[in-house]
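Student: I'll drop the sequence and a predicted model, then ask my questions.
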Amino acid sequence: MLRILIIDDEAPARNRLRRMLADAPAVHVAGEAATGQEALQLIPLKEPDVLLLDISMPGLSGMMLAKMLQQERQAPAIIFCTAWSDQAVEAFECDAVDYLVKPVRAERLMLALDKARRFLAKPDGAASGSFLRSTLGGKVKLIPMNEVIYLRSEDKYTTAVHVGGKMVINQSLAELEHEYADMLVRVHRSALVIKKCIRGLEKSPDGHHFLQLDGCEDCPQVSRRNLPAIRKLIRELT
């Protein structure tokens with residue numbers, strides 16, 4: 001059961017969200033707040049799992065509140081519900097799970113709640129960096145890190161190959177390798193692979209080696225430099 005706190009300075013907006021949540025499965029509205037300051041007082045009392053948070057509010061704004069909660073170990077998951085369509089990048093820098101533009105649609109809200117469930121289900125709670133983000137073309141898209149298969153560098157771009165397809169992201173391979181060192185392994189100067197997705201190693205007639213991956217038809221090439229480490233990893237995985 002997701003406990004939800006609705007935070008918006010406009011009563012009609014709060015009422016609209018409450019009506020949409022009335023038919024949602026496994027959801028309980030734990031309370032409402034009309035200001036960020038009021039929300040700060042309610043969070044320890046209501047212990048919500050998720051905040052439906054407006055950005056523009058008098059006094060303590062939603063963005064300011066989200067940044068304050070980033071410092072907390074057991075902070076709720078945050079879904080921004082706002083009339084502002086141009087602050088998504090800053091919102092995701094606050095570890096937001098999703099960013100909904102008003103008027104919020106019920107089906108879009110349900111998808112955001114599903115993301116919050118996955119976010120909260122992680123062993124370390126609502127950890128920073130749970131999602132890869134793309135902001136190309138002015139649109140923000142998220143892909144959960146646990147759905148990524150491998151990452152490759154092409155020209156100036158990094159492409160994440162995941163269970164649902166492919167997505168160009170903003171981070172470099174070097175940044176990703178450092179941030180997700182426990183999940184990723186370098187196989188080539190232009191490719192990182194999720195360790196748990198490795199199924200095997202095959203050698204081509206011309207002597208090059210390629211990885212076989214679960215959930216993906218692509219076979220990233222393994223460089224000679226990285227081949228010993230990959231062979232060792234495969235032995236450990238099997």
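Tutor: Here it is on my side, so go on.

Student: which ones are touching His188?
Tutor: By Cβ atoms under 8 Å, 6 or more residues apart in numbering, the contact list for His188 reads Pro220, Gln221, Val222, Ser223, Asn226. From N, CA and C alone the C-beta is placed, and that goes for glycine too.

Student: my error: substitute Met20 in the last question.
Tutor: Contact analysis of Met20 by Cβ under 8 Å, 6+ apart lists Val104, Ala106, Leu109.

Student: for Ala160, same thing?
Tutor: Neighbours of Ala160 in contact, by Cβ under 8 Å, 6+ apart: Leu132, Ile143, Val148, Leu151, Lys166, Met167, Val168, Ile169.

Student: got a markdown table for the residues you listed, with neighbour count too?
Tutor: Below are the contacts of Ala160 laid out as a markdown table (neighbours: other Cβ atoms under 10 Å):
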| residue | neighbour count |
| --- | --- |
| Leu132 | 22 |
| Ile143 | 19 |
| Val148 | 25 |
| Leu151 | 25 |
| Lys166 | 13 |
| Met167 | 18 |
| Val168 | 14 |
| Ile169 | 19 |
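
Student: from these, which land in strands?
Tutor: Of the positions in these, Leu132, Ile143, Val148, Leu151, Lys166, Met167, Val168, Ile169 sit in strands, assigned by DSSP state E.

Student: any idea which of those residues is closest to Met68?
Tutor: Distance to Met68 across the ones in strands among the contacts of Ala160 (Cβ to Cβ) is lowest for Leu132, with 25.0 Å.

Student: can I see the domain layout of the chain?
Tutor: 2-126, 136-237 (automatic domain parsing).

Student: could you give the separation of whichever strand or helix holds Ala160 from the chain centroid?
Tutor: Secondary structure assignment for Ala160, by DSSP states H and E: strand 157-162. Its chain's average C-alpha position is 15 Å from that of strand 157-162, according to Cα atoms, centre = their mean, to the nearest Å.

Student: pull out the buried residues from the contacts of Met20.
Tutor: The neighbour-count test (16 or more other Cβ atoms under 10 Å) applied to the contacts of Met20 identifies Val104, Leu109 as buried.
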